[in-house]
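S.K.: How does the following fold in three dimensions:
(one chain, ligands or ions: 2)
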Amino acid sequence: MDDTLFGSHNKRGDFRPNEALKPTPLWIKPLDLKKILQWIPGYLFPWNFLWLISAVLYWELVIPEKEVMQTFSWGWIFNLFLVNGLAITAWFGVFEWQLYHRRNQGKRFKYNGLFPAEKPMEYFWFNSQNIDNYLRVIFSSVVAWTLIEVLMLWGFANGNIPWLVFADSPWQLALVFLAVPFIQEAHFYCIHRLIHIEPLYKWIHSIHHNSINPSPWSSLSMHPGESLPYFGVALWHLLLPSNPFLMIYQLHQASFGAIVGHIGFDQIEIGKDSSFKTHAYPHYLHHKYFDVNYSDGLLPFDRLFGTWHDGTKESDKAMQERFKKRMALNNQNVQRGTE
Ligand SMILES: [Zn+2]
Ligand SMILES: [Zn+2]
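M.R.: Residues are numbered from 1 along each chain as shown. Ligands and ions are numbered 1, 2, ... in the order given. Coordinates of the predicted model:
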């Protein structure tokens, strides 16, 4: 495909889409029903639909019977860890293999003109972003995901957390089901803002930001101090009317869904003439500029707090102005401190 129909490459080869990132029409006044209806298919497909399928598959094939989950035993817990690890390896691996190893579509639609393997960095374990990222995915994030999943399932199975069934509470559960992606976004935004504050940034979140040029393995490459609160999103289902299926759907938004911001390509080609948009750009810009796009724009937090970057040159300018003002303020404070 000719990606220059959709954007342009700079001297370094970085791709910038022509179209500015659009805010979710749910938060634009006056509400425009036509725009909302146009937005829904892109919101559901392919990603949210895929996490729903994965939750159904888990529910049918992986999650044990209620009686088994009532007691902690290595059998089912280790099985869950193994399935989570293998599933995430397969899911991230397919994209990594196609786009970064075989480089099936070259650098077409690629935000960063370099592949991570072209620029070894010594701050990664074994000087390799791929190996570093992958080990952290498994030993930090898959461990945290499984731990929280096991505790929640045990709580549901023992009646410590109310287990609602669809036949008795259809409206409540349908509402929570629709809210799941919004819960993910709100939860992520809050912990993400928090871990950008020093010294939490230096101790914890800088590990994730080592991948300035992220690839699918970077998606869950986190310090355990980030992985645990990140997967803590499942704990909202202690408070909400819910059941284990919805809790698992929530966790899949956080686990499999983390890939969305880290694909590194604006569109993925399918065949010669078709492609689909990845929605990776807001979070790619976060990796590039740090102090923008703490969320992906599903909720309007970044626009409210002035940190939204829509990918345009105007947003570049606004960001630079903001950085300059902050630098000036910092310098003033330093001067005052020395007077
Ligand atoms: Zn990231
Ligand atoms: Zn960050």
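S.K.: And the helices in the stretch 151-300 of the chain, which stretches?
M.R.: Ranges of helices in the stretch 151-300 of the chain, per DSSP state H, counting those that start in this stretch, are 170-194, 200, 206-209, 224-231, 236-239, 244-254, 281-289.
S.K.: ok, now which ones touch the residue most central in space within the chain?
M.R.: When C-alpha atoms, centre = their mean is applied to the chain, the residue found nearest the centroid is residue 258 (3.2 Å). For residue 258, the contacting residues are 219, 220, by C-beta atoms under 8 Å, 6 or more residues apart in numbering. No exception for glycine: its C-beta is placed from N, CA and C like everyone else's.
S.K.: How confident is the prediction for it, by pLDDT?
M.R.: pLDDT recorded at residue 258 is 97.
S.K.: Check residue 338 too.
M.R.: 65.
S.K.: Can you give me the pLDDT of residue 332?
M.R.: Looking at residue 332, its pLDDT reads 82.
S.K.: now do residue 157
M.R.: pLDDT at residue 157 comes out at 98.
S.K.: Where does pLDDT dip in this protein?
M.R.: For the chain, applying pLDDT under 70 flags the ranges 338-339.
S.K.: Residue ranges of each domain in it, please.
M.R.: 3-23+51-303, 309-339 (automatic domain parsing).
S.K.: ok, and for the last one, which residues are buried?
M.R.: Residues of domain 309-339 classed as buried: 309, 310, 311, 315, 318, 319 (neighbour count, 16 or more other C-beta atoms under 10 Å).
S.K.: do stretch 116-132 as well
M.R.: 116, 124, 129, 130, 132.
S.K.: go on, stretch 72-79?
M.R.: Neighbour-count burial for stretch 72-79, counted by 16+ other C-beta under 10 Å, picks out 76, 77.
S.K.: Save the helices of the stretch 151-300 of the chain as CSV, and put in distance to residue 265 too.
M.R.: Shown next, in CSV, are the helices of the stretch 151-300 of the chain (distance: least, C-beta to C-beta, whole Å):
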stretch, distance to residue 265
helix 170-194, 22
helix 200, 30
helix 206-209, 19
helix 224-231, 24
helix 236-239, 31
helix 244-254, 21
helix 281-289, 9
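S.K.: out of these, deepest packed?
M.R.: Sort the helices of the stretch 151-300 of the chain by mean neighbour count, taking mean count of other C-beta atoms under 10 Å, and helix 244-254 sits at the top with a mean of 24.
S.K.: tilt between that one and helix 224-231?
M.R.: Angle of helix 244-254 versus helix 224-231, following axes from the mean of the first three to the mean of the last three C-alpha atoms, to 10 degrees, is 130 degrees.
S.K.: Run the angle between helix 244-254 and helix 170-194 for me.
M.R.: On the basis of the same axes, to 10 degrees, helix 244-254 is oriented at 30 degrees to helix 170-194.
S.K.: now helix 244-254, how far from the chain's geometric center?
M.R.: 14 Å (C-alpha atoms, centre = their mean, to the nearest Å).
S.K.: tell me what that helix is packed against?
M.R.: helix 49-61, helix 143-157, helix 170-194, helix 224-231, helix 236-239 (3 or more C-beta pairs under 8 Å, 6 or more residues apart in numbering; DSSP states H and E).
S.K.: Run the angle between that helix and helix 49-61 for me.
M.R.: 140 degrees.
S.K.: Run through who's touching helix 244-254.
M.R.: Under the criterion C-beta under 8 Å, 6+ apart, residues 48, 51-52, 54-55, 58-59, 63, 145, 148-149, 152-153, 156-157, 163, 173, 176-177, 180-181, 183-184, 188, 230-231, 233-234, 236-237 lie in contact with helix 244-254.
S.K.: 6 Å instead?
M.R.: 51, 54-55, 58-59, 149, 152-153, 156, 176, 180, 184, 231, 233-234, 237 (C-beta atoms under 6 Å, 6 or more residues apart in numbering).
S.K.: any idea which of those residues is the one closest to residue 84?
M.R.: Distance to residue 84 across these (C-beta to C-beta) is lowest for residue 149, with 7.6 Å.
S.K.: List the contacts of the closest one.
M.R.: Applying C-beta under 6 Å, 6+ apart to residue 149 gives the contacts residue 251.
S.K.: Next: residue 120.
M.R.: Applying C-beta under 6 Å, 6+ apart, we find residue 120 in contact with residue 127.
S.K.: Sounds good, over and out.
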